[in-house]
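>>> Sequence unavailable; structure follows:
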Ligand code: ARG
Ligand code: ASP
């Protein structure tokens, strides 16, 4: 009986420690530190984040603003996902040098490839500046007045911050504007491509396997940070040298087993964990379905063309991946919301909130929040979908409309400010060149025919036969000469004539209505957050993701998505071979990898069972932006590389359910195996520090 009680207690702790959450690294002392210990961590809060000594955070960089990366050698070698480095790998690729298809491995530092525009940013320190930022802000002010004082306070504070001259600062809002933190940052801009496996490893399983488990993707690529001679951030220069980091992550060769502690450290982008039930309903019933349908219509065309031609496959690879990724995620999100009964549970939570309001006599203060949400969302739903449909058609899927949209901005710009002409010309010229680098008008016309009906019943594909935008030469000619000449020319182009009234309507009607209906929701959400913190103070609150550095932790664990189905936590190379389809664009396997599998030439990278691990699952609460994040073991060593979540769990962005939310990581031993045994890039392995924490 005693034993049983003990077990029960243990179970309760286990579950409560695994409720998700993305925590601010500077605030881990106390509750988070305790929870992590319960889950098996040997790390202190200071091991993870410290201002005075080097700590784990010094190895974690925001990669290009959208992904995470980590330093894994004293020479600034950086690991991130293949899909995070994808556009760089693609931009160095051509039919002759097809790095997407064949992989790329720099044999020495001279061969490492620079990437214009790419940067990696580190966090030097984090400071709570709420009191400064909110000083003088009164409840009686309008939202606009509040915001302008907040901005003013923030700017004034940043001017006084003590920092090095190459460092930057930014202030970010947390808990919907109820708390503010300052970040001192350091941004490196000379980032070179070092290595990437072929797509058949780095993107193995492609869209069919994207967002699902079992997974067998070696989703990694390698870069290197270069600094000036003083080890400081600098623009690209041949004279730059490899960066010597404050900290780099040792790599564990001992692997993972079910129940091991895991910590994922990175830059999740956006989550919405405190939405009212009515907002989640709107998301799954209106918003997602219409976005899913538009992207599905676009993908139908793009996929067919990519399968039929290598040239188009290369040109559209990056675009297709971007479109397909969110499309599939939204489908999973809807499924997960349904399966986890997120709406029912959120309603129950709201009932509890109302109950406590009543008990504490706070109804007059906060009692209007939930009914007000109901009213506002009813009013907001239609314009939210309408605006998003426009964005999907004119800014995401159809490139001719994207060019027309840019032209509209050009026209407004130049009309309002004739002086702006030269700059505007450069900007649109660069944009057109970028589009045309990977453009095919037949594909795009097919996309147009499929997606435009979602925005308008007027669909005239004959514009493709007459417009100048479908070839770069003629498109560029539109923008030659004086502004009168340009404005006349563009306003005679069939595509622009077609698109302009729609874009005009978007700006002068849709967007205005959207802003007008969205802003009271934003203000109410802030009020709701404040009310929750005050009325139900013992709940477990973490701030929504906002592109800032966060820690999330859990354990290695499989899951059961449906009755009688359960997934192991670890997948192996055997699964790659099982999925192998010769010549297939998603499931082909390089000969060399098949040979290694046959000869079992695994070096020190095999698991205790003699097999090569590929991916594993954990209960870490991650989101978009966590791709490329390191998975760190109980001692601070690198064991995995985060890259995805399981399909049924992608609703973790609005509702985290510990039963079915799992993040997917590449096992670091697979990364090392590919670098060493597959690519023979042993010089890279030699740079790293490989450790045996379990032995
Ligand atoms: N689903 C992952 C994330 O959201 C991986 C995406 C890249 N892979 C792909 N097949 N598109 O970004
Ligand atoms: N694949 C995502 C990313 O690129 C991660 C996720 O959404 O789980 O950041």
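Looks like it arrived, so ask away. Not measured: the values here are computed from a predicted model. Ligands and ions are numbered 1, 2, ... in the order given.

>>> pLDDT at the closest residue to ligand 2 within the chain, what is it?
As assessed by Cβ to the nearest ligand atom, ligand 2 sits closest to residue 627 within the chain, at 2.9 Å. For the C-beta atoms, the positions are set from N, CA and C on the backbone; glycine is no exception. Looking at residue 627, its pLDDT reads 98.

>>> From residue 328, how far out is it?
Look at residue 627 and residue 328: by Cβ to Cβ, to the nearest Å, they are 15 Å apart.

>>> Ok, residue 379 next?
For residue 379, the distance to residue 328 - Cβ to Cβ - is 31 Å.

>>> cool, residue 314 as well?
22 Å.

>>> Tell me which of the two has more neighbours.
The neighbour count for residue 314 versus residue 328, taken as other Cβ atoms under 10 Å, is higher for residue 328 (21 against 18).

>>> does the helix or strand where that one lies come close to ligand 2?
Residue 328 belongs to helix 310-339 when assigned by DSSP states H and E. No - interface with ligand 2: helix 310-339 contributes nothing (Cβ under 6 Å from any ligand atom), its closest point being 6.9 Å away.

>>> So which bits of that helix are buried?
Neighbour-count burial for helix 310-339 flags 312-321, 323-337, 339 (criterion: 16 or more other Cβ atoms under 10 Å).

>>> Equivalent analysis for stretch 511-529, please.
For stretch 511-529, the neighbour count (16+ other Cβ under 10 Å) marks 513, 514, 517, 520, 521, 523, 524, 525, 526, 527, 528, 529 as buried.

>>> Touching it from outside, list them.
Residues from elsewhere that reach stretch 511-529 (Cβ atoms under 8 Å, 6 or more residues apart in numbering): 143, 175-178, 274-276, 366, 369, 372-373, 376-377, 379-380, 383-384, 386-387.

>>> Buried subset of these, written for ChimeraX?
In ChimeraX, this line selects whichever of the contacts of stretch 511-529 come out buried by 16+ other Cβ under 10 Å:
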select :175,176,177,178,274,275,276,366,369,372,373,376,377,380,383,384,386,387
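
>>> Low-confidence ranges, the stretch 251-400 of the chain, go.
Along the stretch 251-400 of the chain, no part satisfies pLDDT under 70.

>>> the helices in it, which residues?
Counting by DSSP state H, counting those that start in this stretch, the stretch 251-400 of the chain has helices at residues 277-282, 288-308, 310-339, 342-359, 363-366, 369-391, 399-416.

>>> Other residues contacting the first one?
It stands for helix 277-282. Outside helix 277-282, the residues within contact range by Cβ under 8 Å, 6+ apart are 272, 337, 342-343, 346-347, 350, 373-374, 377, 380-381, 384, 654-655.

>>> who in this structure is up against ligand 1?
So far as Cβ under 6 Å from any ligand atom goes, the chain lies against ligand 1 at 83, 203, 206-207, 210-211, 321, 324-325, 624, 627, 643-644.

>>> Pull the most distant pair out of those.
Pairwise distances across the residues of the chain next to ligand 1 peak at 18.1 Å for 206 and 624 (criterion: Cβ to Cβ).

>>> how close does residue 609 get to residue 572?
8 Å.

>>> Could I get the phi/psi values of residue 192?
Dihedral pair for residue 192: phi -120, psi 140, per degrees, to the nearest 10.

>>> now residue 665
Phi and psi for residue 665, reported as degrees, to the nearest 10, are phi -130, psi 150.

>>> What of residue 184?
phi -100, psi 130.

>>> Tell me who's in contact with it.
Per Cβ under 8 Å, 6+ apart, neighbours of residue 184: 123, 124, 125, 126, 127, 161, 163, 167, 168, 169.

>>> beta partners of it?
As for beta bridges, residue 184 partners with residue 125, residue 169 under DSSP bridges.

>>> try the one 4 residues further on
Listed beta-bridge partners, residue 188: residue 120 (assigned using DSSP bridges).

>>> isn't it right up against residue 120?
Yes - counting by Cβ atoms under 8 Å, residue 188 touches residue 120, with 5.1 Å between them.

>>> Compare the two (neighbour count), which wins?
When neighbours are counted by other Cβ under 10 Å, residue 188 and residue 120 differ, and residue 120 comes out ahead with 28 against 23.

>>> what's the distance between that one and residue 316?
Look at residue 120 and residue 316: by Cβ to Cβ, they are 27 Å apart.

>>> tell me which element the residue of the chain closest to ligand 2 falls in.
Assigned by DSSP H and E, residue 627 falls within no helix or strand.

>>> Show me what the helix or strand containing residue 78 is in contact with.
Using DSSP H and E, residue 78 falls within strand 77-80. Strand 77-80 has contacts (Cβ under 8 Å, 6+ apart) with 61, 63, 67-72, 120, 191, 194, 220-225, 242, 248, 627-628, 630, 638, 641, 671, 684, 687-688.

>>> From the residues you listed, list the buried ones, please.
Counted by 16+ other Cβ under 10 Å, those give 61, 63, 67-72, 120, 191, 194, 220-225, 242, 248, 627-628, 630, 638, 641, 671, 684, 688 as buried.

>>> Mark which of those are part of strands, please.
Here DSSP state E is the test, and those give 61, 63, 67-71, 120, 191, 194, 221-225, 242, 630, 638, 641 as lying in strands.

>>> thinking again about what came up before, residue 609 and residue 572: who's more crowded?
Comparing residue 609 with residue 572 by other Cβ under 10 Å, the one with more neighbours is residue 572, at 22 against 8.

>>> what are the phi and psi angles of the more buried one?
Torsion angles, degrees, to the nearest 10, at residue 572: phi -130, psi 170.

>>> Same question for residue 562.
phi -150, psi 170.

>>> neighbours around residue 418, how many?
Counted with other Cβ under 10 Å, residue 418 comes out at 11.

>>> Correct me if wrong: it contacts residue 483.
Yes - taking contacts as Cβ under 8 Å, residue 418 lies within contact range of residue 483: 6.2 Å.

>>> got the contact list for residue 326?
291, 295 are the contacts of residue 326 under Cβ under 8 Å, 6+ apart.

>>> Check residue 383 too.
Applying Cβ under 8 Å, 6+ apart, the residues near residue 383 are 510, 513, 514, 517.

>>> Tell me which of these fall in strands.
Reading strands off those, I find no matches (DSSP E).

>>> Tabulate those in a markdown table, adding columns for distance to residue 422.
As requested, those are exported to a markdown table (distance: Cβ to Cβ, whole Å):
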| residue | distance to residue 422 |
| --- | --- |
| 510 | 31 |
| 513 | 35 |
| 514 | 33 |
| 517 | 38 |
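
>>> Return the subset of those residues lying in helices.
513, 514, 517 (DSSP state H).

>>> Tell me the bridge partners for the nearest residue to residue 63 once chain neighbours are set aside.
Residue nearest to residue 63 in three dimensions, not counting chain neighbours: residue 69, with 3.9 Å by Cβ to Cβ, 6 or more residues apart in numbering. On the basis of DSSP bridges, residue 69 is bridged to residue 61.

>>> Residue 69 against residue 628, yeah?
Yes - Residue 69 lies in contact with residue 628 (Cβ under 8 Å); the separation is 5.0 Å.

>>> Show me the common contact partners of these two, please.
Joint contacts of residue 69 and residue 628 (Cβ under 8 Å, 6+ apart) are 63, 79, 80, 84.

>>> Now do the end-to-end distance for stretch 359-366.
13 Å (Cα to Cα, to the nearest Å).

>>> Return the distance of the closest residue to ligand 1 within the stretch 551-695 of the chain relative to residue 686.
The stretch 551-695 of the chain approaches ligand 1 most closely through residue 644 (4.2 Å), counting by Cβ to the nearest ligand atom. Separation of residue 644 from residue 686 (Cβ to Cβ): 30 Å.
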